[in-house]
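Visitor: Compute the structure for the input listed below.
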Amino acid sequence: ESLEDGAIEPGPEAWQVLSGQIGRISRLADDLGQVSAAEEGRLDLDVEPSDPNDLARDAVLAAREGYERKQVTLDLVPAAKEQLRIEADPKRIEQVLGNLLSNALRHTPAGGRVSVTVRPDTDAVAFEVADTGDGIAAEHLPHIFERFYRAEPARDRDSGGTGVGLAISRAIARAHGGQLTAASDGAGRGATLTLRLPGSR
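Guide: Residues are numbered from 1 along each chain as shown. Below is the predicted model of the structure:
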């Protein structure tokens, strides 16, 4: 509107701001489309036998550079080699793990630690992403998977993201017959998000 009204000059800075906002709107529209498709059972899944340790390793490798830049330690604790398998869409599960790792990094200060643990869980396989960051107050825990929900001050709008990453992740988990849950001992005491997916033999 400022460009249209002539209130600001159409210089490089104005176009940079405009481009950034267009990019954010585009990401938001894509994210909303994904979460709606997943929640309505319209998400295409390319399911195949998968090694959960491999999925976790690939997600950690993809996130490593961002963690190093922020000086947050990122650990991977794979399950013992006992041929754990799941039937899953590898790209979608890596998307979920990527969202969880991005969320953990966003809310963990420099010098903190995030760990990804893969373990058997009865007839399922669990991926735990635990951080030493902001934590989540008890009253916010039931709502963090809702679209656009942000708990103040730890989950504020200035921290980035479109506000639907966890909603998408939960919908993808459910589309696989699994679940995504969160636990925290309170503000300032870190959080653990756990993705559980049915195991296969």
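Visitor: give me the number of residues near N99?
Guide: Per other CB atoms under 10 Å, the neighbour tally for N99 reads 25. Using the backbone N, CA and C atoms, a C-beta is placed for each residue, glycine as well.
Visitor: got the contact list for it?
Guide: G165, L166, I168, S169 (CB atoms under 8 Å, 6 or more residues apart in numbering).
Visitor: Quick check: mean pLDDT of the helix or strand it falls within?
Guide: If you go by DSSP states H and E, N99 is part of helix 90-106. Average pLDDT, helix 90-106: 94.
Visitor: C-terminal to that helix, which secondary structure element comes first?
Guide: Counting by DSSP H and E, the next helix or strand C-terminal to helix 90-106 is strand 113-121.
Visitor: Tell me what angle that following strand forms with helix 90-106.
Guide: 140 degrees (axes from the mean of the first three to the mean of the last three CA atoms, to 10 degrees).
Visitor: low-confidence ranges in the protein?
Guide: Residue ranges of the chain with pLDDT under 70: 24, 27-28, 31, 34-35, 37-42, 81-82, 147-163, 201.
Visitor: Just put the contacts of N99 in CSV and tack on secondary structure and distance to S2.
Guide: Shown next, in CSV, are the contacts of N99 (DSSP: H, G, I helix; E, B strand; the rest coil; distance: CB to CB, whole Å):
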residue, secondary structure, distance to S2
G165, helix, 31
L166, helix, 34
I168, helix, 33
S169, helix, 37
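Visitor: residue boundaries of the helices in the protein?
Guide: 2-5, 12-39, 52-70, 90-106, 165-175 (DSSP state H).
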